[in-house]
Each structure stands twice: as structure tokens, then as C-alpha cells.
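Asks: No letters, just coordinates:
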């Protein structure tokens, strides 16, 4: 009886391991790693070989994909905890393989095919991206780097955030941008992986100069901020890094023709092709201290700029869309531009008057400003709906910052979000179907920089709120309307604090 029970128990144990996609009989050390084996449904068995002389790992993997809700690939791994990084030179020695094959650096919560994970992978066509599944069985998202075919890739975990760096040929590692928040329970797994993207074939990749470093960096010295200008699809939630800077940039917005993205960098306005490239300085005349609140008129003939005359002393100017000398519109400080009326005749802005932040409007031709909100506290981020029927804004009058709307004359003010976050800067899509906004944790006051934030989206007609992305951001991330003219993509800026 005991003999029969033992066989049955062994059979169930092996079956369970097979169902999770990983058979621990394959556990054997490979170089600095503890084990290797196939994850998920892999038709052609993979392999991993360490060359002690060359200090390289040659990994052969099959599998249909590492995407959607489950993965299939060859994984070389070790258990780990805490903050760490893994880096390697990665290459495909064989040409002509599937352009979607993947070789990369991987952190996984477990060896289950549907486990939460993050990776930094090189694709067969040179695309490099961070992919991640935030929860077990959830869908995979990605952040594409703006550099293809790097010679070296680095994946870092710092607290709940992950980062990728890449090195173009013969250059040093540099930030690839697009960090995001994902939480791993300890211990987790870290290692190398290869997926063929075709379950009927195997693909080979070579990982050289593999390094794993543990612990935090030395945090002495000056604190610095790295910035990444990104775009994100509201349908897929996939992100793409367009431009990275080793300093603070802010206030990204699209040109009216959807071909360029503008942003502010150390008091100057720059424009950049939507596919990336070298930023070009915009001619703003005598204005040399431009902040994050700027945007084009509906006919794209004028550009409103918020320029600082002193600390917290912003004034709004108008310049021709092609650049030129500015014309002062709002003589009262402080005033921060936020929106145009659909006909281009009126500008909306936030104004600090007698230590109270309220919403104002003023004719584009100049004249007396009209105060639209009178409640104590903060009313900020005003923006017209595309049909001109409403002005959306955020207000803390109900005890936390929530999204509100009112009619253009300031009447019929009503709250439209009621949740546990502090919500700021509502932006309505050009087609009028969506409202996207920035969400802080409830205990965060104002809209400071370098906080855990979320980009969230709400149907304008009402419905459930969805998370578009989680990132380190805040001030500068999402201050003005970020929608592409096609209402399918957003632009924003994420940050990383370094030392």
C-alpha cells in the first residue's frame, strides 16, 4: 500500500511540475546561475552551456512567445532578493531567424509560465524593449527603447521600479528610459532567457560579460534626475521612449499636425520629431524661462507660453506658431496657461491671486480677466472639451483633489471623480471620448515631482477608470494636453532619480 501510494505521489508531483512548465530535474548549475530549463509549453527542448574560458553563455530556446498572459522559453536562473542589476553583451550568432525572436535579461516572480516578470530583451530585428507582466496571469506590456541593436543591455531593480540601460556599439551604457513600477515578493528569480517565437524551431543567443550586482548605489553626492519623453497607446498600453535626457525636462505636447512633440528644457522650448531624433530649439524671442504650461491654438497659428518672471511668478505670452517675439497677454502674476476655447477666441489659465489658486479666462485679443472659480483652496488645470460645452479642471474643495467640470461661464460646477487618489490635470481627447489625468496617492499634497503616480483614463460619457501606466513622475509629467490629434496616443515624461 505504501509502495503504491509512493508511486502515485511521485506521479502527481512530476505532473504538477510539468503543468507549471518547469521540471526541476533540469536544475543544474550553469556558470553563476543555479539552474536552467524550459518555461511553459516548449516543443523543442532548450539548452544552456557556459564557456568558462570565454565567460559566455550559449542558450538555445524554443517556445511560441513571451507575451500576452503566459510565456514559453529557455531560462537560466538563480534566486535573488533586494535591489540589483544584471547586464550582458547579447547577440544572435545565426542570421535569418525570426525577427521577433528574443534574448534578454529576466526577473521573474516564479517559474510559472504566467508569473509576473520584467525583462530587457533584444529582438531578432534589433528592437530593444522592456516587457512586463504586473500580476500573475495578466497581459504583458512593453516600453520600447529608442535605440536598436545595442551591444550591451542592463536591467536594474531599485525598490519597486525597474530601469533599462543600453550601449550602442563602442559606446558606454546610457539610460534607455521608460521606467515603471512593478513589485516582486522575495525571493524572486533573475537570469537569462531565449525564445524562438516559433514553437517548431529553436534559436540560439550568446550572452557575454554577464554581471550581476547587488545592493543600492552609493547615495552620497548631488541628487540628479533623468527624464524620458514617451508615447503610449491608450488601447494596448504599450509605451515607447522617444527621447532621454540626463536632466529635468517637462510639459510635453503635440504639434497640431501630429509630426512633432514639444517640451521645455531648462527654460527653453524644444521640438522633436515624433519618431525621435535631435531636439531643435524653438524661437521664443526674448523669453528665456519657459515653464511646463504651453500649447498651440486650435488653428495652430499661435502658441501660448507660460514664462517665469521670478519664482512662482508666471506670465502668459503669445507667439506665432513658427516662432518670434512674444506678446504679453496676462499682466497679473502668477498665471499659468492651460487651454484654448475650440474657436481660439478665449484662453483658460490658473491664476494665483491673494494666495488662492483659481481658474480664469481672458480673450485672446486681450482685456479683463474673468474669474470662474471662487472656492477656497486649489482649482487648477482648466481645459475646454472639444465641443466647448464644458471646462474640466481639478479641485480640492471636497477634501482631496478630484476631477470637476463646469460650463464656460463658471456655472454648474460638478465633481466627476470620487476615489482614494488625488487626481490632477484632466485632459480631454480631441474626439471628446476620453479624459486622461494624473493620479497621486492620497497623502501627497499638491503636484510635486518624483512621486509614485499613475496615468488613468475615464470615458467622458462615464464608466470605469483604467490605469494607462504607473511611473515615477508628477510635476512636468502631464501638465498640459498630451493627446495626439488622432486621440489614440498620449505623450508624457517619466523620471528617474540618480546620484
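Replies: The structure has been received and is ready for your questions. Just so it is clear, the structure is predicted and the values come from calculations on it, not from any experiment.

Asks: Walk me through the domains of the chain.
Replies: Split into domains by automatic domain parsing, the chain comes to 26-214, 224-498.

Asks: Let me have these in JSON lines, extended by mean pLDDT and mean neighbour count.
Replies: Heads up, the C-betas are built off the backbone N, CA and C, glycines and all. Formatted as JSON lines, the domains of the chain follow (pLDDT from 0 to 100; neighbours: other CB atoms under 10 Å):
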{"stretch": "domain 26-214", "mean pLDDT": "96", "mean neighbour count": "20"}
{"stretch": "domain 224-498", "mean pLDDT": "96", "mean neighbour count": "19"}
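
Asks: Let's verify residue 135: helix, strand, or coil?
Replies: coil (DSSP: H, G, I helix; E, B strand; the rest coil).

Asks: which one is it nearest to, not counting chain neighbours?
Replies: In space, and not counting its chain neighbours, residue 135 is closest to residue 116: 5.9 Å by CB to CB, 6 or more residues apart in numbering.

Asks: Would you map the strands across the stretch 101-250 of the chain?
Replies: 102-108, 117-123, 128-133, 140-144, 152-158, 161-167, 174-175, 180-181, 188-195, 203-214, 224-233, 239-245, 249-254 (DSSP state E, counting those that start in this stretch).

Asks: and the first one, what does it pack onto?
Replies: Spelled out, it's strand 102-108. Packed against strand 102-108, as judged by 3 or more CB pairs under 8 Å, 6 or more residues apart in numbering; DSSP states H and E, are the following elements: strand 73-80, strand 84-91, strand 117-123, strand 152-158, strand 188-195, strand 203-214.

Asks: OK, contacts around the residue most central in space within the chain?
Replies: By CA atoms, centre = their mean, the chain has its centre lying nearest to residue 178, at 4.8 Å. Contact analysis of residue 178 by CB atoms under 8 Å, 6 or more residues apart in numbering lists 130, 143, 144, 145, 164, 228, 230, 239, 240, 241, 494.

Asks: So in terms of bridging, what pairs with the nearest residue to it once chain neighbours are set aside?
Replies: Once flanking residues are discounted, residue 178 sits nearest to residue 143: 3.3 Å by CB to CB, 6+ apart. Note on residue 143: beta-bridge partners by DSSP bridges are residue 130, residue 239.

Asks: Wait, residue 143 touches residue 230, no?
Replies: Yes: if you go by CB atoms under 8 Å, residue 143 and residue 230 touch, sitting 7.3 Å apart.

Asks: Give me the common contacts of these two.
Replies: 177, 178, 239, 240, 241.

Asks: contacts for stretch 104-111?
Replies: 20-22, 37, 39, 75, 77, 80, 86-88, 90, 115-122, 136, 153-155, 157, 162, 184-185, 188-193.

Asks: just checking, residue 452 is part of a strand?
Replies: Yes: applying three-state DSSP, one finds residue 452 inside a strand.

Asks: OK, contacts around it?
Replies: Going by CB under 8 Å, 6+ apart, the list of residues near residue 452 reads 160, 181, 440, 441, 470, 472.

Asks: before we move on, what about residue 407?
Replies: 389, 390, 391.

Asks: For the second one, give me the backbone phi and psi.
Replies: Main-chain dihedrals, residue 390, degrees, to the nearest 10: phi -140, psi 160.

Asks: Tell me the spacing between it and residue 378.
Replies: Separation of residue 390 from residue 378 (CB to CB, to the nearest Å): 19 Å.

Asks: Contacts only, for the residue nearest to residue 178.
Replies: By CB under 8 Å, 6+ apart, the neighbours of residue 143 are 129, 130, 164, 177, 178, 180, 230, 238, 239, 240, 241.

Asks: how close does the fifth one get to residue 244?
Replies: The reference is to residue 178. 9 Å.
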